[in-house]
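Colleague: need a 3D model of the sequence below.
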Amino acid sequence: MKTISTVLASLLAALSFGAFAQTDPALAKLKPKGFPDQPIEYTVVYPAGGGMDLTARILAKFVEKASGDKVLVNNRAGGAGMVGHSYLATQAKPDGYTVGILASNFWGDAILRAPGKWSLADVESIAYINSDALAWVAGTEGPFKGKTAKEILQAAKDKPGTVRAAVVPGSMWEYLLDQLEAQTGAKFLRVPFQGGKPGIVALIGGNVDVAQGFYGEFESYLQAKQLVPIAVASAERVFNMKDVPTFNEIFGAKQFVWNIMRFAVVPKGTPADRKAYLSAMIQTALQNPEMMAEFRRLGAYSDASFAKSTNIAADIQAAAMKERDFYIQTGRLKP
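Modeller: Residues are numbered from 1 along each chain as shown. The predicted structure is shown next:
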């Protein structure tokens with residue numbers, strides 16, 4: 001006869017892994033036998049509170065709702081993403097219990113900062129999640145109150161090395177600044193951070209003069225009127241900042257486009273049935289209008305070319321090669 005404590009433990013375990021959840025019937029058919037029997041980890045390679053972390057936590061919530069399985073978000077931050085990227089590519093077990101929630105700057109890390117150690121080929125892409133555009137933000141107080149992006153760039157040209165800009169080394173934050181300095185002759189004092197959100201917090205505290213990030217990282221500060229977006233690195237104006245010009249508009253150019261793409265990967269060698277189930281979990285969650293509304297509130301949008309892909313791994317690889325071309329053109333990588 002089972003004791004009360006044994007029954008209670010069984011009930012708690014059942015609750016933990018969603019035995020009483022409303023699992024999507026189509027998803028349930030793909031569920032591998034005996035998997036998962038423990039929480040699945042969504043690995044985020046940047047600190048909590050940033051755009052990647054917020055995306056992963058929203059996704060995890062709706063994946064749990066669709067599947068009935070427990071999903072935990074773990075921030076393996078450090079080295080501006082290098083620690084988490086390295087973990088996913090070389091250390092994580094290919095057993096289906098680790099899913100990386102990555103952004104397109106993974107390619108820059110792999111190609112430029114870890115040559116020969118690991119690359120996008122060491123993980124397998126399983127799902128596209130959303131896209132976002134990198135924006136410049138300035139404080140509503142301080143020496144650059146009310147200044148435009150062009151005026152701040154002019155100040156950095158007039159007095160080189162005096163205007164402090166938050167950057168994430170070896171990422172689009174830095175590459176955009178490189179492009180702008182080359183375009184204008186400006187020279188910024190670069191202040192490194194692990195992610196976009198820490199740089200934005202530093203801006204609010206008066207420790208930098210301009211920061212860069214994604215809408216979800218600064219939306220609360222925008223609502224509190226502590227900062228204002230002043231330019232966006234996208235091909236056209238974005239839906240949630242329609243009054244904010246693009247850098248291309250400002251300079252009559254085409255090259256200032258730094259849109260992040262978020263996607264999910266598993267370590268290479270993950271069993272096919274588990275990989276298919278993990279992909280289906282995300283795809284099912286993405287059909288939930290409530291989740292898409294939450295993404296939209298963060299400023300993220302769905303790129304149709306990826307959302308409708310029939311071979312997401314191949315399409316992500318193709319996009320990686322386009323980014324590789326940028327590194328070659330700018331002398332960061334030999335052909």
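
Colleague: shaky segments in the protein?
Modeller: For the chain, applying pLDDT under 70 flags the ranges 1-22, 105.

Colleague: what's the longest strand seen in it packed up against?
Modeller: For the chain, the strand with the greatest residue count under DSSP state E is strand 123-133. Strand 123-133 sits against helix 51-67, strand 98-103, helix 215-223, strand 259-267, helix 272-286, helix 304-307, helix 312-329, with contacts defined as 3 or more C-beta pairs under 8 Å, 6 or more residues apart in numbering; DSSP states H and E. Just so you know, the C-beta spots here come from the backbone N, C-alpha and C atoms, and that holds for glycine as well.

Colleague: now the helix or strand just after that strand, how far from the centre of its chain.
Modeller: Proceeding N to C from strand 123-133, the next assigned helix or strand is strand 135-139, under DSSP states H and E. Computed by C-alpha atoms, centre = their mean, to the nearest Å, the chain-centroid distance of strand 135-139 equals 18 Å.

Colleague: helices or strands up against strand 135-139?
Modeller: Counting by 3+ C-beta pairs under 8 Å, 6+ apart, strand 135-139 packs on helix 149-158, helix 196-204, strand 210-213, helix 215-223, strand 227-232.

Colleague: for stretch 107-126, give me every contacting residue.
Modeller: By C-beta atoms under 8 Å, 6 or more residues apart in numbering, the list of residues contacting stretch 107-126 from outside reads 80-82, 85-86, 88-90, 99-100, 102, 106, 170-172, 175, 263-268, 270, 275, 278-279, 282, 312-313, 316-317, 320, 323-324, 327, 332-333.

Colleague: how is the protein carved up into domains?
Modeller: Following automatic domain parsing, one finds the domains of the chain at 35-131+260-329, 135-251.

Colleague: what residues are up against residue 206?
Modeller: Taking C-beta under 8 Å, 6+ apart, one finds 139, 141-142 in contact with residue 206.

Colleague: I meant residue 184, not that one.
Modeller: With contact set as C-beta under 8 Å, 6+ apart, residue 184 has these partners: 153-154, 156-157, 251.

Colleague: what do you get for residue 140?
Modeller: 225-228.

Colleague: and for residue 245?
Modeller: By C-beta under 8 Å, 6+ apart, the contact set of residue 245 is 149, 231-232, 237.

Colleague: follow-up on the earlier one: tell me which residues of the longest strand of the chain come out buried.
Modeller: Neighbour-count burial for strand 123-133, counted by 16 or more other C-beta atoms under 10 Å, picks out 123-133.

Colleague: check stretch 180-192 too.
Modeller: Within stretch 180-192, the residues that qualify as buried by neighbour count (16+ other C-beta under 10 Å) are 180-181, 186, 188, 190-191.

Colleague: so which of those residues sit within strands?
Modeller: Going by DSSP E, the strands hold 190-191 from those.

Colleague: coming back round to it: minimum distance to residue 24: which of the domains of the chain has it?
Modeller: domain 35-131+260-329 (4.8 Å; C-beta to C-beta).

Colleague: picking that back up, make TSV from the contacts of residue 245 and add neighbour count and distance to residue 308 to it.
Modeller: What follows is these, written out as TSV (neighbours: other C-beta atoms under 10 Å; distance: C-beta to C-beta, whole Å):
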residue	neighbour count	distance to residue 308
149	23	34
231	29	30
232	26	25
237	15	24
